[in-house]
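Peer 1: Sharing a model prediction with you, sequence too.
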Amino acid sequence: MKKKLKWISVGLTALLGFFVVLFILKSGSKPVPPVAAPIVQDTIVPAKLLYDIEIDSFEVIQSTIKKNEFLANILLPYEINYGTIDALAKKSKPIFDVRRIAVGKNYTILVRKDSIRKADYFIYEIDAVDYIVYDLRDSIIIERKKRPIETKIQTASGVINSSLYQTLKESKANPYLAVKLADIFAWSIDFYRIQKGDWFKVIYEEKFVDGKSFGIGEIKAVEFNHFDKSFLAFGYDIKGKVEYYDEEANSLRKAFLKSPLKFSRLSSRFTMRRFHPVQKRWKAHLGTDYAAPRGTPIMATSDGVVIKSSYTRGNGKFVKLSHNSVYETQYLHMSKRNVKVGKQVRQGDIIGYVGSTGLATGPHVCYRFWKNGKQVDHLREDFPSAEPISPDIKEAFILKRDSLQANLDGLVIEQ
């Protein structure tokens with residue numbers, strides 16, 4: 001009976017299949033192809049990078065150098081022995097002397113994720129851009145690298161109400177511009193005498209690392225109005241070095257800096273009659289005093305040779321320079337002298353540091369100036385300019401000047 005039922009079932013199935021095929025042929029329809037199963041692809045997750053190193057397999061330890069912390073203190077806990085540390089220090093010396101590792105600098109250790117926890121990499125940041133990678137895996141490999149720097153053209157302008165630094169800060173510009181502008185105009189503007197109402201416009205490069213400001217690059221152009229007189233400066237690359245020229249293509253560098261200090265306060269001028277604060281009597285003051293914190297660097301105001309580096313009861317520690325057959329300068333009351341007799345110095349070299357040695361009531365430098373053997377007021381001298389733009393590149397300079405001048409003219413002064 002079961003066998004009979006089985007044959008009946010097979011027959012019915014075959015008959016049903018026949019009628020289905022017949023229906024499809026008559027209707028002209030095509031059989032629907034089977035739906036393909038979706039292809040599942042593996043998701044590729046990019047490896048995490050730090051200092052261009054894949055860190056997925058590492059424990060990342062980041063810190064800063066502490067006081068009395070050295071390379072051995074840092075690496076010994078991570079299975080790096082004294083022998084390896086000594087070899088590292090010796091191999092590193094031509095690239096970076098590990099004795100120069102400084103308090104407050106950032107470092108990173110990449111440690112294996114296992115029970116041993118051995119350091120495979122040590123990275124030391126010299127600054128925001130430069131860093132040293134120590135690969136400690138097999139043999140020691142040391143590389144000095146740089147983070148990429150992005151340079152942007154920025155502009156700033158403003159009217160000075162208190163100080164140049166504060167005005168830049170309030171206008172959301174990089175305050176370090178104050179130092180750069182003081183350097184550019186060191187031969188023509190006395191930045192200790194900037195007054196309320198002076199104004200400026202500036203086009204400059206600013207450098208960024210990982211989106212954060214790293215510093216000021218080239219100053220492209222600047223107009224600084226001081227005592228209602230405009231001073232213009234345009235940067236121009238001369239053999240790889242940017243020099244600054246005025247609108248007539250004359251160099252802004254002159255024979256002498258206006259002051260031996262970058263920033264300070266003019267506390268006493270050259271005069272034939274001044275009441276001496278220590279000796280308590282009226283006498284001539286044949287110099288210009290600039291008050292500044294103890295230890296402030298004192299610069300040579302022009303190229304010259306050291307003819308005196310000594311101490312006297314009145315002058316304290318002092319240095320005297322001969323610049324040529326016409327000019328000599330002297331710098332008094334130093335806390336420390338930085339040059340010896342006979343040394344050749346260049347304009348801007350550090351020759352000593354502000355102090356209060358000798359007959360001085362507080363830290364300052366008394367700057368004295370001789371012309372043809374006679375002491376004169378350097379602030380009243382009109383020094384000649386350095387070499388102007390050479391004729392063979394003057395046309396190119398003028399084209400660049402005109403373009404920058406148009407951009408300066410378009411800047412609105414922030415009040």
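Peer 2: It's in.

Peer 1: so where is the stretch 201-350 of the chain shaky, pLDDT-wise?
Peer 2: Within the stretch 201-350 of the chain, the set of residues satisfying pLDDT under 70 comprises 264-265, 267, 269-284.

Peer 1: Would you map the strands across it?
Peer 2: Remark: strands assigned in the stretch 201-350 of the chain by DSSP state E, counting those that start in this stretch are 212-226, 229-238, 241-245, 265-268, 271-275, 282-285, 288-291, 297-299, 304-312, 316-322, 327-337, 344-345, 350-354.

Peer 1: Contacts for the third one, please.
Peer 2: When you say that, I think you mean strand 241-245. Identification of contacts with strand 241-245 by Cβ atoms under 8 Å, 6 or more residues apart in numbering yields 184, 218-219, 233-236, 251-253, 388-389, 397, 401. For every residue, glycine as well, the C-beta is placed using N, CA and C.

Peer 1: Please list only the buried members of the residues you listed.
Peer 2: With burial judged by 16 or more other Cβ atoms under 10 Å, the buried subset of the contacts of strand 241-245 is Ile184, Ile219, Ala233, Phe234, Gly235, Tyr236, Ser251, Leu252, Arg253, Ile389, Phe397, Arg401.

Peer 1: ok, back up a step: looking at the strands of the stretch 201-350 of the chain, which is closest to Leu257?
Peer 2: Comparison of those against Leu257 by Cβ to Cβ identifies strand 297-299 as nearest, at 6.7 Å.

Peer 1: Show me what that closest one is packed against.
Peer 2: When contacts are defined as 3 or more Cβ pairs under 8 Å, 6 or more residues apart in numbering; DSSP states H and E, strand 297-299 packs onto strand 350-354.

Peer 1: C-alpha coordinates for whichever helix or strand comes after the strand it packs on, PDB please?
Peer 2: Counting by DSSP states H and E, the next helix or strand C-terminal to strand 350-354 is strand 364-371. Extracted C-alpha coordinates of strand 364-371, given in PDB (Å, rounded to 0.1, in the frame of the first residue of the first chain):
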ATOM      1  CA  HIS A 364      70.200  99.300  33.900                       C
ATOM      2  CA  VAL A 365      72.800  99.800  31.200                       C
ATOM      3  CA  CYS A 366      74.400 103.200  30.600                       C
ATOM      4  CA  TYR A 367      75.100 103.400  26.900                       C
ATOM      5  CA  ARG A 368      77.900 105.800  26.000                       C
ATOM      6  CA  PHE A 369      78.800 107.000  22.500                       C
ATOM      7  CA  TRP A 370      81.900 108.600  21.100                       C
ATOM      8  CA  LYS A 371      82.200 110.400  17.700                       C
END
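
Peer 1: list the buried ones in strand 364-371?
Peer 2: When burial is assessed from 16+ other Cβ under 10 Å, strand 364-371 yields the following buried residues: His364, Val365, Cys366, Tyr367, Arg368, Phe369, Trp370.

Peer 1: Can you name the residues in contact with it?
Peer 2: 259-261, 264, 267, 286-292, 298, 301, 315, 326-334, 354, 356, 360, 375-378, 381.

Peer 1: relative to strand 350-354, how tilted is that strand?
Peer 2: If you take axes from the mean of the first three to the mean of the last three Cα atoms, to 10 degrees, strand 364-371 sits at 140 degrees to strand 350-354.

Peer 1: Neighbouring strands of the next helix or strand after strand 364-371 in the sheet, and parallel or not?
Peer 2: As assigned by DSSP H and E, the chain's next helix or strand after strand 364-371 is strand 374-375. Using DSSP bridges, the strands paired with strand 374-375 in its sheet are strand 364-371 (antiparallel).

Peer 1: Now a PyMOL select for only the buried ones of the contacts of strand 364-371.
Peer 2: In PyMOL syntax, the buried subset of the contacts of strand 364-371 is picked out as below (16+ other Cβ under 10 Å):
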select buried, resi 259+260+261+264+267+286+287+288+289+290+291+292+298+301+315+327+328+329+330+331+332+333+334+354+360+378
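
Peer 1: still on that earlier bit, mind putting the contacts of strand 241-245 into TSV with distance to Ile109?
Peer 2: As requested, these are exported to TSV (distance: Cβ to Cβ, whole Å):
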residue	distance to Ile109
Ile184	43
Glu218	37
Ile219	40
Ala233	47
Phe234	48
Gly235	43
Tyr236	46
Ser251	51
Leu252	48
Arg253	48
Pro388	55
Ile389	53
Phe397	52
Arg401	52
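
Peer 1: Most widely separated two among these?
Peer 2: Among the contacts of strand 241-245, Glu218 and Pro388 lie farthest apart (Cβ to Cβ), at 20.0 Å.

Peer 1: To Lys105, which of the strands of the stretch 201-350 of the chain lies closest?
Peer 2: The nearest among the strands of the stretch 201-350 of the chain, by Cβ to Cβ, is strand 212-226 at 15.6 Å.

Peer 1: name the helices or strands packed onto that closest one?
Peer 2: Under the contact rule (3+ Cβ pairs under 8 Å, 6+ apart), strand 212-226 is packed against helix 177-184, strand 199-209, strand 229-238, helix 391-409.

Peer 1: Can you give me the domain assignment for the chain?
Peer 2: 49-146, 150-245, 265-380 (automatic domain parsing).

Peer 1: Compare those and report which one is nearest to Val412.
Peer 2: Closest approach to Val412 among these (Cβ to Cβ): domain 150-245, 6.8 Å.

Peer 1: Start and end of that closest one, how far apart?
Peer 2: In domain 150-245, first residue to last residue: 27 Å (Cα to Cα, to the nearest Å).

Peer 1: now swap in stretch 240-258 and tell me
Peer 2: End-to-end for stretch 240-258, by Cα to Cα: 26 Å.

Peer 1: Please apply the same query to stretch 340-352.
Peer 2: 11 Å.

Peer 1: do the same with stretch 371-385
Peer 2: Its first and final residues considered, stretch 371-385 spans 17 Å by Cα to Cα.

Peer 1: Stretch 255-262 now?
Peer 2: One end of stretch 255-262 sits 17 Å from the other (Cα to Cα).

Peer 1: any idea how far it is from the chain center?
Peer 2: In terms of Cα atoms, centre = their mean, to the nearest Å, the centre of stretch 255-262 is found 23 Å from the chain centre.

Peer 1: How about stretch 253-268?
Peer 2: For stretch 253-268, the distance to the chain centre is 23 Å (Cα atoms, centre = their mean).
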